[in-house]
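**Student:** my questions concern the predicted model and sequence given below.
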Amino acid sequence: MCGVAGLYGSFTDLKHKIVVMTDALTHRGPDAVGYYLNVASDVALGHRRLSILDLSENANQPFHSQCNRYVMVYNGEVFNYQEIAKSLNIQLRTSCDSEVILEAFVQSGTAFVEQLNGMFAIAIFDKLTGTLHLFRDRLGIKPLFYLYEEQSNQLAFSSEIKSLKPLLSDTQSYDHNAIGRFLHLGYIPEPATAYDKIKKFPAGAVGIFNSKEFSIKHFWKPEEYISTDLIKDEPLAKQKLRELLVGAVKRRMISDVPLGTFLSGGIDSSIVTAIAQELSPKPISTFSIGFKDNKYDESKYANDVADYIGTDHHEFILSEKDAMDKVHQLLNIYDEPFADSSALPTLLVSQMARKHVSVALSGDGGDEQFMGYGMYDWAERLSNPLLKALRKPIYYGLNMIGNNRLKRGAEVLNYPDQKSNKSHIFSQEQYLFSQHELSELMISPPKETSLTVSRDNLARGLYANEGQSLFDLKHYLKDDLLVKVDRASMFHSLEVRVPLLDHEIVEFTLNLDRRLKIKNGIKKYLLKQVLYDYVPEKYFERPKWGFSVPLDKWLLTDLSHLFDLYLSKVVVEELGVFSWPKVKSLKGAFFSEKLYLYNRLWALILLHKWIKNQ
């Protein structure tokens, strides 16, 4: 795992700029640094290395092809590199995946990317033709940002926004539409960032840049793998899923450095850990954290699972102060407003794990593929024709009752139109702002804050909960959950691998009958059936909490000073983004025991903190 950076075009002081950009990524790769500079071609590449495979200097980057025509910088891991090398008869000089990736490109061109199983952001420069190729993995596990000036035909790219910021002018403005979507979703969806000129390179895409143009096209989209052939036979489906899971975990255990797993005690992390332990000749290291006096603490469940499986378990029980001390680091780590408060425990467990291992497996991706969230129930309810017809009267009726729980439910019914209801359902499940609320809160609200879903020509029609699940796979998972884990772990120079997002598993679950995902009211049914072959069901008989912190309580107590710093009347009116009466009303409602509003206020605090930092 590493950090990559690059410049192509008539940038002044090319060498200095690439050094500054690459230095900003030191945390992503503390083991080695390297550069490729071609002043005549206006090209510079930078690389920071976290050594995982082939720890020798021979595997350092930038990496040059055997024919010396191509040079590459690459972030990630390709887990089937040995199979690719064998199939293409590549004679290797190293034992790292970097060499295989580059030589596969030499043989097959851009089509080589379809052979890769892994997570990656790759840049390959052709010294002969002056063409730069960019690649990002199918699910967007590894980040890649770019800044493209069309008039001057200049391109810069990097693993993180902070590396590109020195290239922005002092007058660089933020993206107003992106800010609206952040307040609606809690994250900024691809391709936007908080900055007008910096964009997220699309997942599953290839970019080609030369002296004439910059073009981007997709080589993989999840919706293109939806077929008319549903997998309905439960015994066969379970057998196939188990085979895929074992294969995915086994591939991701390849490492020349110590490896462990995150273990929360939930379904997803437990199945990844159980399979990893079955494949390991010795106890693997597992890591969980908990908070003293926190009702959401699941560390005891993780400990029970670890005992049953027989792992070398590391449990860290922290005070709330340990987490709150990290709050002010969040903007520096994430570079743009990011409201997912579970970034805090993710940051802490990464810090703890890095003291013992350099690689960790996580269970991300299970809820989106096997329908583990409550929002999928809402999607089904809202697809009912009767509820559709009566949703407005029901909305007004529930609001009149005055019960907080019912009012929250009423807001889910109040979506603006059918094309944006998936975005609206997600927003209200996260207790964030609806499009209607933003139109009143923001002084200059964007025309469109909802993330609308295009009606692609799918091979089959999707049920409402299937559509919501696909929405999360394409947006929430990629631009929130994977971002959270990547930045938090790489801040501590820890590589995290996600077996459940092996693209073979994703392509399987896209065509798994939804009645095998939710059966008899049991969410994630088929995944649980595989898990129970490893760990008895009794270990998971409890409500789903998730990896959370008591942010509502903290905002009332130890973090209450943030209201004075970022949501006072003076600050709100000075920054001019929000209506002060609306902010004042929101704060008053929160302190009058409407604690469910905490996430909205947290989003406002983070946004104002980010703006002031600019």
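**Tutor:** All right, it came through fine.
**Student:** in stretch 89-100, what's buried?
**Tutor:** Under the neighbour-count criterion of 16 or more other Cβ atoms under 10 Å, stretch 89-100 has 90, 94-100 buried. C-beta here means a position set from N, CA and C on the backbone, and glycine is covered the same way.
**Student:** now pLDDT, secondary structure and distance to S288 too, for the residues you listed, in JSON lines please.
**Tutor:** Shown next, in JSON lines, are those (pLDDT from 0 to 100; DSSP: H, G, I helix; E, B strand; the rest coil; distance: Cβ to Cβ, whole Å):
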{"residue": "I90", "pLDDT": "91", "secondary structure": "coil", "distance to S288": "40"}
{"residue": "T94", "pLDDT": "86", "secondary structure": "coil", "distance to S288": "36"}
{"residue": "S95", "pLDDT": "83", "secondary structure": "coil", "distance to S288": "33"}
{"residue": "C96", "pLDDT": "89", "secondary structure": "coil", "distance to S288": "31"}
{"residue": "D97", "pLDDT": "93", "secondary structure": "helix", "distance to S288": "30"}
{"residue": "S98", "pLDDT": "94", "secondary structure": "helix", "distance to S288": "33"}
{"residue": "E99", "pLDDT": "95", "secondary structure": "helix", "distance to S288": "37"}
{"residue": "V100", "pLDDT": "96", "secondary structure": "helix", "distance to S288": "35"}
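**Student:** now, among those residues, which is nearest to R48?
**Tutor:** Closest approach between these and R48, by Cβ to Cβ: S98, at 13.8 Å.
**Student:** show me where the stretch 1-150 of the chain has helices.
**Tutor:** 14-23, 81-87, 97-108 (DSSP state H, counting those that start in this stretch).
**Student:** so which of the ones you listed is nearest M253?
**Tutor:** For M253, the closest of the helices of the stretch 1-150 of the chain is helix 81-87, at 13.4 Å, according to Cβ to Cβ.
**Student:** rewinding a little: need the winner for burial among the helices of the stretch 1-150 of the chain.
**Tutor:** helix 97-108 (a mean of 22; mean count of other Cβ atoms under 10 Å).
**Student:** for that helix, name the packing helices and strands.
**Tutor:** In terms of contacts (3 or more Cβ pairs under 8 Å, 6 or more residues apart in numbering; DSSP states H and E), helix 97-108 is packed against strand 63-64, strand 70-78, helix 81-87, strand 118-126.
**Student:** who's in contact with that helix?
**Tutor:** 53, 59, 61, 63-67, 69-70, 72, 74, 77-79, 81-82, 84-85, 88, 90, 92-93, 112, 115-116, 118, 120, 122, 124, 133 (Cβ atoms under 8 Å, 6 or more residues apart in numbering).
**Student:** and the angle for that helix with strand 70-78?
**Tutor:** Relative orientation of helix 97-108 and strand 70-78, computed by axes from the mean of the first three to the mean of the last three Cα atoms, to 10 degrees: 120 degrees.
**Student:** just to check, L527 is in contact with M371?
**Tutor:** No - L527 lies out of contact with M371 (Cβ atoms under 8 Å); the separation is 9.8 Å.
**Student:** need the helices of the stretch 1-150 of the chain in CSV with distance to D268, can you?
**Tutor:** CSV is the format used below for these (distance: least, Cβ to Cβ, whole Å):
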stretch, distance to D268
helix 14-23, 35
helix 81-87, 26
helix 97-108, 26
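**Student:** sorry, back to before: of the contacts of helix 97-108, buried ones?
**Tutor:** 53, 59, 61, 63, 65, 70, 72, 74, 77-79, 81, 84-85, 90, 112, 115-116, 118, 120, 122, 124, 133.
**Student:** how close does the closest residue to S173 other than its chain neighbours get to S469?
**Tutor:** Nearest residue to S173, sequence neighbours excluded (Cβ to Cβ, 6 or more residues apart in numbering): D196, at 5.4 Å. Using Cβ to Cβ, to the nearest Å, one obtains 32 Å as the distance from D196 to S469.
**Student:** for N117, same thing?
**Tutor:** N117 is 23 Å from S469, by Cβ to Cβ.
**Student:** can you tell me the closest non-neighbouring residue to D335?
**Tutor:** I161 (3.7 Å).
**Student:** likewise L382?
**Tutor:** N421 (6.2 Å).
**Student:** hmm, that neighbour is touching S383, no?
**Tutor:** No - using Cβ under 8 Å, N421 is not in contact with S383; the gap is 9.2 Å.
**Student:** more neighbours: these two, which one.
**Tutor:** N421 (25 against 16; other Cβ atoms under 10 Å).
**Student:** from K553, how far out is that one?
**Tutor:** From N421 to K553 the distance is 32 Å (Cβ to Cβ).
**Student:** check F508 too.
**Tutor:** 41 Å.
**Student:** in contact with the residue nearest to the spatial centre of the chain, which residues?
**Tutor:** Nearest to the mean C-alpha position of the chain, by Cα atoms, centre = their mean, lies L482 at 1.8 Å. Counting by Cβ under 8 Å, 6+ apart, L482 touches 139-141, 364, 498.
**Student:** with S319 instead?
**Tutor:** Applying Cβ under 8 Å, 6+ apart, the residues contacting S319 are 291-292.
**Student:** now do the buried residues in stretch 533-551.
**Tutor:** Neighbour counts over stretch 533-551 (16+ other Cβ under 10 Å) mark 534-535, 539-540, 547-551 as buried.
**Student:** want to throw those residues into a markdown table with distance to Q154?
**Tutor:** Converted to a markdown table, those look like this (distance: Cβ to Cβ, whole Å):
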| residue | distance to Q154 |
| --- | --- |
| Y534 | 52 |
| V535 | 54 |
| Y539 | 55 |
| F540 | 53 |
| F547 | 41 |
| S548 | 43 |
| V549 | 42 |
| P550 | 47 |
| L551 | 41 |
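**Student:** tell me which of the residues you listed is nearest to Y598?
**Tutor:** For the buried residues of stretch 533-551, the nearest to Y598 is L551 (5.6 Å; Cβ to Cβ).
**Student:** okay then, goodbye and thanks.
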